[in-house]
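Chemist: What follows is a protein structure lacking sequence information:
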């Protein structure tokens, strides 16, 4: 396994990266289990294995920046907010959820922590993030907008329209393609002529880079520079992070929708590319954390999830009046 | 390329009253918004060019700069999506689609994103976006340059839809739409651009307080229209007066959410309802107006079954011969009225 390079980073910074990734990992595995048991009905597109990029990026942003997500955004949401409680409540459709019980797993928001919204129409938040960047530029805010999307979204026309617009208008937007090699049930080579999507950014004269999407310290170092460049030079940037989806397209099962071949690949990714292990092992070697400390950390997160789950179960659903309440603002 | 003039002064101004045409009124509305609200900007294909937007935006790019009046690549969906994003981040964009047909390419952002954003996030975030969709028919342009798709947009909860007929409303509704915190579809009609009227000084109105308006009183029949079809109703009412028929004309103005009270009160008085529309019949504006009226009124007050004038169920033709019979006319409205008396 290729470990993350932890040299030069403070133990505090490393610990934050590890802690955030574990929060995502444990929460997603918990949700997977509850989807399996039937306690969660809302369709959940889980991001186990894709913890590193959103965690690294969240450490590079400031309060006035905005992140927009997709159908698979529990990882983006948790990286930005650390808010397990509101996420679980939302997935259960409870009024205490981050979207007041009106959004479920696929429509998450927490503007106070920079998460501007996630929606499941593929590619839809790409122009929305570019528009956020336009507003930031017009208001002289020195802020950055981020659009997370998957490799499947690069097949949507709106991405190409937006790349041209963002490049021509020089907008401070970071396009982050989480290339997990699958769009729903199809492998990228069944859909495109190449397994990398950076050629699309190249075609529109947008600065671009392909990164190991499961190496959190590498991502942190590179994204810090990239976000800084976007912020100071007011230019768009395209970052492709190569990663892998541990679960199926939707739900808790690993390979139900993509067949046996994938289960072999999946084993490889789990054994050799797990972003959590890749950070934990070198931290352990350098005595920045102990095995016992690691277990305690996970246990604390699990307790927090358990507690959030129990509170959410007891919480009320959004009441009937809410059906009409927010269709219009007033 | 036409020369850019600094300001288009096409109106006479005396005290608080001005004589304007419809296009100049739209321009005046934009001018007011851009002058008074730093967070308003206008974006879309052709906003620098009278070829696309007629005289309704002349000189705005010179006065307010190309950073606030932004002409764009041909990317309806991308541009509209950017407007959603800008609206979520403190701006009040007006997104212009110079032919409504092309706005269909932007419907994901209008229908899936803008219309649903507030609801699906529990009212914590709103999209104060105005999409200006222009109906630009006739002139042998054919099936993909001639549509009036307001009914399609009326179907969507979360979108407000306004359609000005009067010169006054051309700017009043534009200003109200842009200052509204919800996504608003503002639909103007090139066939109205030369209509002229005296207008009063600009005032900021809340869309919540704007509804259908009785613009001509009469006791024999209620004619209902929106945008250009209101113009047809008014022309017909004028002609029919000569024959002793007094038509009441209701201009709908706000199509979604549609408040039916004004229409219902009128039909309760006249007992006759004729709705005129430049769209198709099925699931259309006329269907909605008639249904909403009938389901809330005492049917015993009806003297005749309600009627409607719409397009036939066919895409717009190209030749002038077929165009002539395709679109509703004043004569058609007059004949229908006579048949209903």
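Modeler: Ah, there it is. Predicted model only: the values in this text are computed from it and were never measured.
Chemist: Give the phi and psi angles for the nearest residue to residue B:292 once chain neighbours are set aside, as a check.
Modeler: Nearest non-adjacent residue to residue B:292, counting by C-beta to C-beta, 6 or more residues apart in numbering or on different chains: residue B:260, 4.2 Å away. (C-beta placed from N, C-alpha, C; glycine too.) Dihedral angles of residue B:260 (phi, psi; degrees, to the nearest 10) stand at phi -100, psi 0.
Chemist: Which residue ranges of the stretch 1-150 of chain A form strands?
Modeler: A:66-69, A:115-118, A:145-150 (DSSP state E, counting those that start in this stretch).
Chemist: can these go into TSV with extra columns for distance to chain B?
Modeler: TSV is the format used below for the strands of the stretch 1-150 of chain A (distance: least, C-beta to the nearest C-beta, whole Å):
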stretch	distance to chain B
strand A:66-69	7
strand A:115-118	6
strand A:145-150	7
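Chemist: who wins for proximity to residue B:176 among the ones you listed?
Modeler: Across the strands of the stretch 1-150 of chain A, residue B:176 has its closest neighbour in strand A:115-118 (26.2 Å, C-beta to C-beta).
Chemist: Show me the helices in the chain, by range?
Modeler: As the question left the chain open, I've gone with chain A. Under the criterion DSSP state H, helices of chain A are mapped to A:11-37, A:52-58, A:74-81, A:84-91, A:125-138, A:157-169, A:198-203, A:216-233, A:260-273, A:275-285, A:291-314, A:322-325.
Chemist: Not quite, go with chain B.
Modeler: Using DSSP H, helices in chain B cover B:22-36, B:50-53, B:60-64, B:76-87, B:100-103, B:107, B:115-120, B:150-154, B:167-179, B:228-241, B:261-270, B:285-294, B:320-326, B:330-340.
Chemist: Please see if the fourth one touches chain A.
Modeler: Yes - under the criterion of C-beta under 8 Å from any C-beta of the partner chain, chain A is reached by helix B:76-87 at B:77-87.
Chemist: Now for the residues you listed, which sits with the most neighbours around it?
Modeler: Among the residues of helix B:76-87 next to chain A, residue B:85 has the most neighbours (other C-beta atoms under 10 Å in any protein chain shown), with 36 neighbours.
Chemist: about what we covered before: show me the contacts for the residue nearest to residue B:292.
Modeler: Residue B:260 makes contact with B:212, B:289, B:292-293, B:296, according to C-beta atoms under 8 Å, 6 or more residues apart in numbering or on different chains.
Chemist: hmm, back to that, in a markdown table: the strands of the stretch 1-150 of chain A, plus mean pLDDT.
Modeler: Shown next, in a markdown table, are those (pLDDT from 0 to 100):
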| stretch | mean pLDDT |
| --- | --- |
| strand A:66-69 | 98 |
| strand A:115-118 | 98 |
| strand A:145-150 | 98 |
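Chemist: Between helix A:275-285 and the one helix or strand in chain A whose mean pLDDT sits lowest, find me the angle.
Modeler: When the helices and strands of chain A are scored by mean pLDDT, DSSP states H and E, helix A:260-273 comes last with a mean of 83. Put simply, helix A:260-273 runs at 20 degrees to helix A:275-285, going by axes from the mean of the first three to the mean of the last three C-alpha atoms, to 10 degrees.
Chemist: mind listing what's buried in helix A:260-273?
Modeler: Buried residues in helix A:260-273, counted by 16 or more other C-beta atoms under 10 Å in any protein chain shown: A:262, A:266, A:269, A:273.
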